[in-house]
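Asker: sharing a model prediction with you, sequence too.
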Amino acid sequence: MGYDWDFSALAGYRSAFFRGVVITLELSIFSSVLGTLGGIPLACLLRLGRAVAWPLSIVVDVFRAIPNLVLIFFFYYFPYQAILGVSAPSGFIAALLGLTMAQAAYSADLIRTALDHVPRSHLLAIRALGFRESQVIRQVVVPSVVRQTLAGHVALWIGNVKLSSLASVIGVEDSVFVAKVAMAQTFRSLEAWTAVALIYVVLVLPMIWGLRALENSAWIRRQ
Amino acid sequence: MSQSLHVEGLRAAYGKTEVLKGVDFTVEPGQVIALVGQSGCGKSTLLRSLCGLQSFQQGTVRLQGQLILHNGEPQYEEWEIRRHVMLVPQGASLLPHLTARANIRLGLRHVRGLTPPLAEEETNRIATALGLGECLDRYPEELSGGQYQRVALARAVCLQPDVLLLDEVTSNIDPSTIREVAEALWSIRRMKRGVPQILVLVTHLIPFAAGFADQILFLHEGVIFEQGAAATFLKSATRLETQAFLAAEQFLQQGLALRPCAE
């Protein structure tokens, strides 16, 4: 009994795994940053009158309902040439689009809720001191929204690191893709997936610890 | 130039409910006014109307003879009006993510536009004047009720408004710390530099109002029902409703104090 671990077969894939990690980081960082930035104007639009907010909130909810994998397929197989007259994007860009759209929808919802919960008494007290409206936004609204949503956002960004592995299904060469190739060529499946698991543990664990520290920090609690 | 605050025919309504039905009064420079009246009689509405935080249907507000609000329409940028006629709302609401020092400094930097070193200097000056030296680096959640109110007062006073409106700064705090706030208010009155020329405060502490203010204005049924020199108002008030209100307020405060703790 016992399993004979053999990682030596994977040695030749080391640089491919390394490039895979870079792709994972690129996908998750770009989609997190772009999606979050996109969520800010969406959240503001969601607080406008019903004529804008109602149809937009349906679009946002639809994007939240569709699994990320399906979004990635959608942006990969979308007939770009026939409908938009542009050439189809690479798998990387299609995956980035899918992850970014999902992140934007989640961000918009988080930020919209936070905007509704900026304490009115703080707004009143600062306006009463003669602050301009732009200063009220900078000094009261933004700090409050950042405090309310930062932990939620970090949780979403952690999710993006893991969700970026979905890009492998459309041929993006991240570490999961490399593991699939290595498995097929060396038959060392368990070793290949263990390597991938370790990569994600190393990437994500510090983020989880960071999130916990953030949630416990006085800086976040003072709202 | 006269720094007077002049309010004429101010009417304000929430929907069909008329709260203020033609408020008229004039405050001369250097004067302190205590605005008293039952809860819900429109005192807060009046203060918010005076600084353009709430629109009203009719009437005018003049500062130094200049029209600043006409039928609820601001005649200048709203923030500009509030730099002259400033309000400390009930509950005050310091920004919770900033220390007391940073709360005070924020207005000095962004409203008065002082450089960081000057803002620091001013912060220390006002903190010393109001006895806040040792709690400047605490966060609002770490302040006592009295310290909290004094920081809120400091934050407004250091911006040097012409008129300072204080909404119930003596409410919702421990009776033992009311004295702390009252002393801070006296310090503000005695300040030589950057004094608000006019102080209007809403309070339920009638004896404090009688000792502190120059004039008492009794707001009742949407109008200034009766007014008089603060020191003698308790005796000189002639109208029945005023007397009833004053008696009830004092009974409440003294009655509670005189009640035996246990049989």
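Answerer: Ah, there it is. Keep in mind that what you see is a predicted model, and the values were worked out from it rather than measured. Numbering: from 1, shown residues only, chains lettered A, B, ... in the order given.
Asker: residue boundaries of the helices in chain A?
Answerer: In chain A, the helices defined using DSSP state H lie at A:14-46, A:50-65, A:68-77, A:80-83, A:91-116, A:120-128, A:133-136, A:142-163, A:175-186, A:189-216, A:218-221.
Asker: mean pLDDT lowest for which of these?
Answerer: Between the helices of chain A, the lowest average pLDDT goes to helix A:218-221, which shows a mean of 81.
Asker: what residues sit buried inside that one?
Answerer: residue A:220 (16 or more other CB atoms under 10 Å in any protein chain shown). Yep, even glycine has a C-beta here, placed from its N, CA and C like the rest.
Asker: just give me how far it sits from the chain centre.
Answerer: 23 Å (CA atoms, centre = their mean, to the nearest Å).
Asker: cool, and stretch B:5-20?
Answerer: So, by CA atoms, centre = their mean, the centroid of stretch B:5-20 is 18 Å from its chain's centroid.
Asker: same check, this time on stretch A:117-135
Answerer: 32 Å.
Asker: same question for stretch B:33-50.
Answerer: Going by CA atoms, centre = their mean, where stretch B:33-50 is centred and where its chain is centred differ by 10 Å.
Asker: what distance separates the start and the end of that stretch?
Answerer: Across stretch B:33-50, the straight-line distance between its terminal residues is 14 Å, by CA to CA, to the nearest Å.
Asker: residues from chain B in reach of chain A?
Answerer: Counting by CB under 8 Å from any CB of the partner chain, the residues of chain B lying close to chain A are B:51, B:53, B:77-80, B:82-83, B:86-89, B:91-97, B:106-107, B:110-111, B:139-141, B:152, B:155-156, B:159, B:161.
Asker: what about the residue nearest to residue B:208 when sequence neighbours are not counted, helix or strand, and which?
Answerer: Nearest residue to residue B:208, sequence neighbours excluded (CB to CB, 6 or more residues apart in numbering or on different chains): residue B:182, at 5.9 Å. Taking DSSP states H and E as the criterion, residue B:182 maps to helix B:175-190.
Asker: show me what that helix is packed against.
Answerer: In terms of contacts (3 or more CB pairs under 8 Å, 6 or more residues apart in numbering or on different chains; DSSP states H and E), helix B:175-190 is packed against helix B:145-157, strand B:198-202, helix B:206-212.
Asker: just the buried residues of stretch A:81-99, please?
Answerer: A:91-92, A:94-99.
Asker: what subset of the residues of chain B next to chain A is buried?
Answerer: Counted by 16+ other CB under 10 Å, these give B:51, B:53, B:78-79, B:82-83, B:86-89, B:91-97, B:106-107, B:110-111, B:139-140, B:152, B:155-156, B:159, B:161 as buried.
Asker: which one of the buried residues of stretch A:81-99 sits closest to chain B?
Answerer: Of all the buried residues of stretch A:81-99, chain B sits closest to residue A:99, with 31.3 Å by CB to the nearest CB.
Asker: isn't that closest one right next to residue A:163, touching?
Answerer: Yes: shown here, residue A:99 and residue A:163 form a contact pair, counting by CB atoms under 8 Å, at 6.1 Å.
Asker: quick check: neighbours shared by these two?
Answerer: Common contact partners of residue A:99 and residue A:163 (CB atoms under 8 Å, 6 or more residues apart in numbering or on different chains): A:28, A:68.
Asker: that older thread, now mean pLDDT too, for the helices and strands packed on helix B:175-190, in CSV please.
Answerer: Listed next are those as CSV, based on pLDDT from 0 to 100:
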stretch, mean pLDDT
helix B:145-157, 91
strand B:198-202, 92
helix B:206-212, 86
